[in-house]
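K.L.:
From the sequence below, what's the structure:
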Amino acid sequence: MLLPSAMSDLMTQLEDSQGILGSLLTNRYNAFFRSRLNEWQLKLTTVQERIELWLQVQSLWVYLEAVFSGGDIAAQMPQESKRFQNIDKTWEKIMVAARDTRKVIQFCYAEEMLKNLLGPLQESLDICQKSLSGYLENKRGIFPRFFFVSDAQLLEILGQGSNPHTIQPHLSSIFDAIAEVEFSKVQRTEILAMMSKEGEYCRLSEIVKAEGNIEDWLNKLKAEMVRTVKNICREMSTEVNSMLGKTERGDLEAFIEKYPAQVSLLGLQLWWTFESEDSLSRAKSEKGVMAAAKKKFDMILRHLVDITTQDLKKMHRTRVETLITIHIHQVDIWNEIVKKRLKSVNEFDWLKQTRFYWKVDKDDCIVSVTNCDLQYCYEYLGVAERLVITPLTDRIYISCAQAMKMFFGGAPAGPAGTGKTETTKDMGRTCGRYFITINCSD
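P.N.:
Take a look at the predicted model:
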């Protein structure tokens with residue numbers, strides 16, 4: 001191998017020597033030595049060019065050697081693997097000759113080996129690299145989340161695809177909150193459950209078999225993750241009003257304990273929307289219904305605060321604190337509605353809020369902001385903390401929701417560090433979506 005540190009020193013010496021030759025060639029008294037100066041300038045220029053090409057070929061060889069020396073990718077690309085074996089033999093021949101010669105100018109200029117072999121070697125390596133890029137592009141087309149994984153990480157994932165257990169360190173790169181999956185101890189290719197980095201355990205509705213190409217069973221895992229979260233949400237939607245409607249602390253604690261953090265939060269939002277619209281629709285005919293709803297919301301908030309005074313595990317405390325963060329905003333909204341004496345669900349001050357509905361006829365959860373209905377996407381979110389919602393957050397939700405409805409993009413603007421990215425990520429979590437952050441300045 002050509003060591004980068006040694007080559008850096010060598011290239012510096014070559015550049016310095018070429019500089020000295022250049023100054024000598026401009027000297028008007030160099031007539032006697034001019035032919036030798038031109039000869040040495042040609043030698044050093046040729047040596048520099050061939051070493052630069054040699055380093056490029058070495059870089060490509062190192063990159064591809066890890067891929068084609070063995071593993072699943074080599075087995076799936078037999079033609080390219082065979083081509084690389086021939087490249088490897090030529091590369092070994094060059095390196096053995098370089099080890100035996102040890103004189104830079106003699107090997108790089110006087111001998112013809114580098115001149116004759118490096119060019120064709122680079123062409124063959126480029127062909128292998130293009131084939132590999134096409135292979136990776138095909139895999140990304142089958143499992144689109146691979147588009148947001150670097151080539152190096154994707155090669156590592158695909159290179160060990162025959163052993164499904166090797167996917168564990170990479171799950172956090174392709175899922176929002178799945179840090180680990182549980183494999184069956186009997187059938188070691190069967191995935192039984194998913195776990196978040198906080199330690200929340202969520203059993204899959206059906207077993208996923210991690211067999212065949214890795215991109216195929218990752219698609220199955222993704223589909224089963226969505227189906228599992230949706231099934232839990234459907235079950236929760238049938239119980240949430242009965243469990244929270246009485247506003248008793250025991251029922252609230254049982255509700256939080258029964259469902260994953262994401263689903264219990266969604267349940268609280270569904271219940272708040274239902275109770276709010278029910279009260280608004282009856283406000284004209286029934287006196288005191290708005291105050292009764294306010295009392296219910298305040299009671300739930302008080303119970304949540306009381307729960308945090310207990311000795312809780314870190315994960316459970318985060319769950320409750322997230323519920324408090326969101327419900328405080330819901331209480332504030334309702335207090336404002338009561339203050340403004342709204343009497344209809346069609347009032348803009350109500351419609352501009354982020355509202356949650358379980359549509360039985362569509363068997364789906366809908367998130368509504370003004371006149372925009374966004375489908376909840378059921379990405380597993382684990383025990384994710386949520387931002388404190390401010391009036392500015394609400395305005396961003398309205399603007400971005402309108403943009404999404406019209407198939408436009410949204411671009412929150414403002415100084416650095418004011419929460420533009422985090423607010424957008426929080427909106428993604430609100431809709432249960434897989435959210436990707438890309439820093440384009442890197």
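K.L.:
Tell me the gap between the longest strand seen in the chain and the middle of its chain.
P.N.:
Secondary structure of the chain per DSSP state E: the longest strand is strand 201-209. For strand 201-209, the separation from the chain centroid amounts to 22 Å (computed by CA atoms, centre = their mean, to the nearest Å).
K.L.:
which residue ranges form the helices in the stretch 201-350 of the chain?
P.N.:
Here the stretch 201-350 of the chain has its helices, by DSSP state H, counting those that start in this stretch, at 214-244, 249-258, 261-282, 289-308, 314-340, 348-351.
K.L.:
Not counting the second one itself, show me its contacts.
P.N.:
Applying CB atoms under 8 Å, 6 or more residues apart in numbering, the set of residues contacting helix 249-258 from outside is 239-240, 243-244, 264, 267, 300, 303-304, 306-307, 319-320, 323. Quick note: C-beta positions are derived from backbone N, CA and C, even for glycine.
K.L.:
ok, the longest strand of the chain: who's next to it in the sheet?
P.N.:
Strand 201-209 pairs in its sheet with strand 190-196 (antiparallel), by DSSP bridges.
K.L.:
circling back: of the contacts of helix 249-258, closest to residue 382?
P.N.:
Nearest to residue 382, judged by CB to CB, of those is residue 319 at 10.2 Å.
K.L.:
List the contacts of that closest one.
P.N.:
Listed by CB under 8 Å, 6+ apart, the contact partners of residue 319 are 256, 261, 264, 383.
K.L.:
and this protein, what are its domains?
P.N.:
Residue ranges for the domains of the chain, per automatic domain parsing: 4-142, 237-385.
K.L.:
now those in TSV, with mean pLDDT and distance to residue 201?
P.N.:
Formatted as TSV, the domains of the chain follow (pLDDT from 0 to 100; distance: least, CB to CB, whole Å):
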stretch	mean pLDDT	distance to residue 201
domain 4-142	84	29
domain 237-385	94	9
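K.L.:
Single out the most deeply packed of those.
P.N.:
Comparing the domains of the chain by mean neighbour count (mean count of other CB atoms under 10 Å), domain 237-385 ranks first with a mean of 17.
K.L.:
first to last residue in that one, what's the distance?
P.N.:
Start-to-end span of domain 237-385 (CA to CA, to the nearest Å) is 22 Å.
K.L.:
Now do whichever helix or strand residue 173 is part of: distance to the chain's middle.
P.N.:
Using DSSP states H and E, residue 173 falls within helix 171-174. Its chain's C-alpha centre and that of helix 171-174 lie 6 Å apart, by CA atoms, centre = their mean.
K.L.:
Then stretch 434-442?
P.N.:
Centroid displacement of stretch 434-442 relative to its chain, using CA atoms, centre = their mean, is 8 Å.
K.L.:
now do stretch 132-144
P.N.:
17 Å.
K.L.:
What are the contacting residues of it?
P.N.:
Stretch 132-144 has contacts (CB under 8 Å, 6+ apart) with 64, 67, 73, 76-77, 80, 146-147, 151, 154-155, 158, 174, 213, 215-216, 218-219.
K.L.:
Next: stretch 355-373.
P.N.:
Here stretch 355-373 makes contact (CB under 8 Å, 6+ apart) with 233-234, 237, 266, 269-270, 272-273, 277, 348, 351-354, 374-376, 378, 397-398, 401-402, 404-405, 430-432.
K.L.:
swap the cut-off to 7 Å and go again
P.N.:
The contact list for stretch 355-373 (CB atoms under 7 Å, 6 or more residues apart in numbering) reads 233-234, 237, 266, 269-270, 273, 351-352, 354, 374-376, 397-398, 401-402, 404-405, 430-431.
K.L.:
Determine how far the helix or strand that the helix holding residue 173 is followed by lies from the middle of the whole chain.
P.N.:
Later in the chain than helix 171-174, the nearest helix or strand by DSSP H and E is strand 178-183. Counting by CA atoms, centre = their mean, strand 178-183 is centred 16 Å from the centre of its parent chain.
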